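>>> quick one, what's the 3D model for this:
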Amino acid sequence: MENPNPDPTAENDQHLALRRIQRISLHLASPRTPLHHCTDPDQLAMLTCARAKKLNVSPSVLSNYMRGKNREIQERVFGFFESRPDLQTPIEISKDEHRELCMRQLLALVREAGIRPFKYALEDPAKYFAILEAAGSVDMSLGIKLGVQYSLWGGSVVNLGTKKHIDKYFNKIDNLEYPGCFAMTELHHGSNVQGLQTVAAFDPVTDEFIIDTPNDGAIKWWIGNAAVHGKFATVFARLILPNHQTREGTDMGIHAFIVPIRDLETHCALPGIEIHDCGHKVGLNGVDNGALRFRSVRIPRDNLLNRFGDVSRDGKYTSSLPSINKRFGATLGELVGGRVGIAYSSVGVLKIAVTIAVRYSLLRQQFGPPKQAEISILDYQSHQHKLMPMLASTYGFHFATQYLMEKYSEMKKSHDDQVVADVHALSAGLKAYVTSFTAKSLSICREACGGHGYAAVNRFGSLRNDHDIFQTFEGDNTVLLQQVAADLLKQYKEKFQGGTLTVTWNYLRESMGSYLSQPNPVTARWEGEGHLRDPTFQLDAFRYRTSRLLQSVAVRLRKHTKNLGGFGAWNRCLNHLLTLAESHIESVILAKFIEAVQSCPDGSTRSVLKLVCDLYALDRIWNDIGTYRNVDYVAPNKAKAIHKLAEYLSFQVKNVAGELIDAFDLPDSVIRAPIGMKSEVYTQYTQNVGF
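Below is the predicted model:
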């Protein structure tokens with residue numbers, strides 16, 4: 001029976017004795033010894049295995065576990081383009097040539113390879129996103145053009161329209177007979193969709209809508225597929241109904257309309273439609289972004305995508321949703337697939353960049369002990385610090401975006417309001433977090449490859465330029481993180497009003513009280529490897545930080561609202577809110593990573609995933625160690641132990657880095673960078689410049 005009144009002095013003496021034993025063991029045994037805090041036999045087995053000089057890793061087994069049933073469709077995409085050198089994107093290519101090549105690539109994928117992404121977008125979203133990732137790996141412009149055609153243009157028709165629209169447009173969108181655009185963004189409005197100014201006024205005399213661009217700020221801008229190839233556009237505009245009491249009519253809010261923009265035979269712009277080319281971009285020049293102005297363009301009433309609101313022949317408006325805000329929310333909610341695709345594709349870009357950087361770092365030798373052979377640059381601790389946590393994060397992002405895809409697929413089948421809300425917030429947060437991380441990592445990978453990373457043939461420049469816009473389109477990252485923070489605050493409020501929480505936020509419901517209590521001073525000092533590598537400790541640490549941030553920002557907002565109003569208070573706390581959102585997303589990533597480790601059926605594979613997961617967790621804790629120290633969640637000795645263990649785990653991951661990279665299973669025809677090939681790296685590199 002436990003002592004109901006433990007002596008804190010005795011407990012502290014016991015802790016000090018254990019620390020002394022640990023210190024002695026560090027001198028007698030290996031650099032890290034599992035301590036008394038690890039009691040799970042499976043975990044102890046994994047820790048013991050992880051201590052070995054090198055884990056036994058099968059890249060094919062790991063790859064099968066990661067890619068699962070969608071591996072075959074990706075290999076079909078890779079194999080098709082490998083067999084068609086005429087469709088591979090050269091290093092140097094002009095904007096106009098790249099656009100035409102990109103269109104040929106898409107046409108060939110659909111009509112020659114027989115891969116029909118649109119069908120999968122509706123029936124099997126996970127397979128669709130796998131195709132999207134593979135196409136983007138072949139050429140990022142191809143991935144984006146495919147996404148514009150099927151996620152945005154096609155997705156808007158099937159998700160915002162009704163049966164009459166699907167019957168009329170589906171097959172011709174599917175086979176690329178109807179290439180189209182998604183005309184939402186305007187010159188003066190991007191993220192603030194409710195502020196769009198394009199007008200669609202109903203004319204009851206002719207039973208038509210009249211699409212107008214009222215001023216230059218309302219010109220549709222950055223519209224993919226518009227400059228060259230698009231024949232239709234889904235145009236987002238303010239629906240105006242006649243009102244005899246006001247000259248302006250009644251504004252019913254933002255709705256979507258199908259607007260033909262080019263003649264199907266001549267491909268010339270239709271009357272009233274002005275199309276201009278947005279020109280050369282920093283990257284993605286295979287995508288033809290254009291600007292559209294509408295001058296009294298008339299379209300049939302049936303061209304209103306009327307799933308959430310309709311207009312009758314006599315000009316009466318009907319909707320199953322009671323307000324403009326409800327209809328607007330439902331409309332944007334159906335378009336969340338674009339964010340899911342961007343998050344997933346960004347992980348694909350990160351895999352390519354990390355593969356190139358790690359393979360080169362394993363190969364390239366530089367300096368070493370006197371009169372001994374040079375060592376690889378990945379043997380240097382500083383290089384491990386650059387690349388190994390990044391490699392671990394790539395694995396974490398993979399499993400997190402896989403989970404997001406599963407939730408998205410569930411949402412498309414069930415249309416459950418709770419799942420819809422969960423996917424909306426999770427897709428916003430993962431898209432923002434992953435794309436920002438990838439953008440920073442691309443520069444680090446370039447630097448890690450020295451001067452050779454600066455050669456265009458080694459791809460870091462094009463990858464960085466093509467990916468950079470991922471941080472902006474489908475929602476600016478700063479705006480998306482604010483959406484996550486707002487949803488967290490909403491959940492926080494409902495928690496204390498007895499409401500339910502959506503799935504992603506369950507930990508707030510289950511453990512908010514314990515997370516906000518005073519940290520245990522004994523636990524705060526535990527520094528054994530078993531404790532630090534315990535997933536319970538890691539997840540508790542991540543969630544404690546999120547809960548503290550959530551509670552403190554709620555208090556600050558309440559205080560500042562009294563003097564500054566709601567908007568002013570939000571702006572005053574904005575950096576705090578962004579940090580909160582990022583902290584929550586990191587918690588989700590870790591939770592899904594831990595689940596993936598525990599669900600892995602193969603023991604050796606599970607051990608290496610555990611190692612990588614531990615590095616991700618401890619690196620992120622160390623990255624924000626100041627927060628944990630400030631609230632006494634981690635004592636100084638424990639902070640030091642976390643840092644040392646993270647460095648040691650980086651070293652261990654380095655020993656299996658080649659196998660972890662091989663498990664991404666990206667063929668050389670996709671990697672393409674000579675310094676990132678599996679073999680004969682320098683031979684291919686020198687041949688590339690003419691030797």
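
>>> contacting residues around G368?
E374, I375 (C-beta atoms under 8 Å, 6 or more residues apart in numbering). C-beta: built from backbone N, CA, C; applies to glycine.

>>> tell me the pLDDT of it.
Note on G368: pLDDT of 86.

>>> now it, what's its secondary structure?
coil (DSSP: H, G, I helix; E, B strand; the rest coil).

>>> from I375, how far out is it?
Spatial separation of G368 from I375 under the definition C-beta to C-beta, to the nearest Å is 4 Å.

>>> isn't Q74 up against L132?
No. Taking C-beta atoms under 8 Å as the definition, Q74 is not a contact partner of L132, at 10.1 Å.

>>> and the pLDDT at the residue nearest the centre of the chain?
Centroid check for the chain by C-alpha atoms, centre = their mean gives A343 as the closest residue, at 2.2 Å. As predicted, A343 sits at a pLDDT of 96.

>>> more neighbours, Q74 and L132?
Shown here are Q74 and L132; by other C-beta atoms under 10 Å, L132 has more neighbours (27 against 21).

>>> show me the contacts for the more buried one.
Neighbour list for L132: P117, G143, L146, G147, S151, G341, Y344, S345 [criterion: C-beta under 8 Å, 6+ apart].

>>> can we see that at 6 Å?
G143, G341, S345 (C-beta atoms under 6 Å, 6 or more residues apart in numbering).

>>> before we move on, which element is it in?
helix 125-138 (DSSP states H and E).

>>> so where's this protein shaky on pLDDT?
Within the chain, the segments meeting pLDDT under 70 span 1-53, 495-519, 681.

>>> show me which helix runs longest in it.
For the chain, the helix with the greatest residue count under DSSP state H is helix 535-572.

>>> so which other helices or strands are in contact with it?
Packing contacts for helix 535-572, counted by 3 or more C-beta pairs under 6 Å, 6 or more residues apart in numbering; DSSP states H and E, involve helix 477-495, helix 506-516, helix 574-599.

>>> list the buried ones in the last one?
Spelled out, it's helix 574-599. 577-594, 596-597 (16 or more other C-beta atoms under 10 Å).

>>> do stretch 535-542 as well
For stretch 535-542, burial by neighbour count (16+ other C-beta under 10 Å) applies to P535, F537, Q538, L539, D540, A541, F542.

>>> can you list those in CSV and add distance to Y616?
Supplementary listing: the buried residues of stretch 535-542 in CSV, determined by distance: C-beta to C-beta, whole Å:
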residue, distance to Y616
P535, 11
F537, 14
Q538, 9
L539, 12
D540, 16
A541, 13
F542, 11
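
>>> and the strands in this structure?
Secondary structure of the chain (DSSP state E): strands located at 180-183, 199-203, 208-212, 220-223, 232-241, 250-260, 273-277, 290-294, 297-300, 310-311, 317-318.

>>> turn those into TSV, including distance to T605 and mean neighbour count.
Formatted as TSV, the strands of the chain follow (distance: least, C-beta to C-beta, whole Å; neighbours: other C-beta atoms under 10 Å):
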stretch	distance to T605	mean neighbour count
strand 180-183	40	30
strand 199-203	55	20
strand 208-212	55	22
strand 220-223	43	24
strand 232-241	44	24
strand 250-260	46	21
strand 273-277	50	16
strand 290-294	47	23
strand 297-300	55	17
strand 310-311	53	18
strand 317-318	55	11
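
>>> between these, which one is closest to G450.
G450 lies closest to strand 220-223 among the strands of the chain, at 35.1 Å (C-beta to C-beta).

>>> tell me what that closest one is packed against?
Counting by 3+ C-beta pairs under 6 Å, 6+ apart, strand 220-223 packs on strand 180-183, strand 290-294.

>>> so which of those strands is nearest L122?
Nearest to L122, of the helices and strands packed on strand 220-223 and by C-beta to C-beta, is strand 180-183 at 16.3 Å.

>>> run through who's touching that closest one.
L152, W153, K220, I223, N225, A226, G230, F232, A233, T234, V235, L292.

>>> okay, now the domains of this structure?
Domain ranges of the chain: 60-173, 182-331, 337-674, per automatic domain parsing.

>>> between those, which one is nearest to V689?
Closest among the domains of the chain, using C-beta to C-beta: domain 337-674, at 8.3 Å.

>>> what distance separates that closest one from the middle of the whole chain?
Going by C-alpha atoms, centre = their mean, to the nearest Å, the spacing between the C-alpha centre of domain 337-674 and its chain's C-alpha centre is 11 Å.

>>> distance between the ends of that domain?
End-to-end distance of domain 337-674: 34 Å, with C-alpha to C-alpha, to the nearest Å as the criterion.

>>> ditto for stretch 298-311
Where stretch 298-311 starts and where it finishes are 15 Å apart, if you go by C-alpha to C-alpha.

>>> what about the residue nearest to G161 when sequence neighbours are not counted, distance to N192?
Nearest-residue entry for G161: L305, 4.3 Å, with adjacent residues in sequence omitted and distances by C-beta to C-beta, 6 or more residues apart in numbering. According to C-beta to C-beta, L305 stands 21 Å off from N192.

>>> burial measure for Y403, as a count.
By the criterion of other C-beta under 10 Å, Y403 has 20 neighbours.

>>> dump the residue contacts of it.
K592.

>>> before we move on, what about K407?
V423.

>>> rerun that using 7 Å as the cut-off
Contact partners of K407, counting by C-beta atoms under 7 Å, 6 or more residues apart in numbering, are V419, D422, V423, L426.

>>> on that earlier part again, now the strands of the chain in JSON lines, with distance to V653?
Listed next are the strands of the chain as JSON lines, based on distance: least, C-beta to C-beta, whole Å:
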{"stretch": "strand 180-183", "distance to V653": "41"}
{"stretch": "strand 199-203", "distance to V653": "55"}
{"stretch": "strand 208-212", "distance to V653": "55"}
{"stretch": "strand 220-223", "distance to V653": "40"}
{"stretch": "strand 232-241", "distance to V653": "45"}
{"stretch": "strand 250-260", "distance to V653": "47"}
{"stretch": "strand 273-277", "distance to V653": "46"}
{"stretch": "strand 290-294", "distance to V653": "45"}
{"stretch": "strand 297-300", "distance to V653": "57"}
{"stretch": "strand 310-311", "distance to V653": "56"}
{"stretch": "strand 317-318", "distance to V653": "59"}
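
>>> show me the one of those strands that comes nearest E82.
Nearest of those to E82, taken as C-beta to C-beta: strand 180-183 at 29.4 Å.
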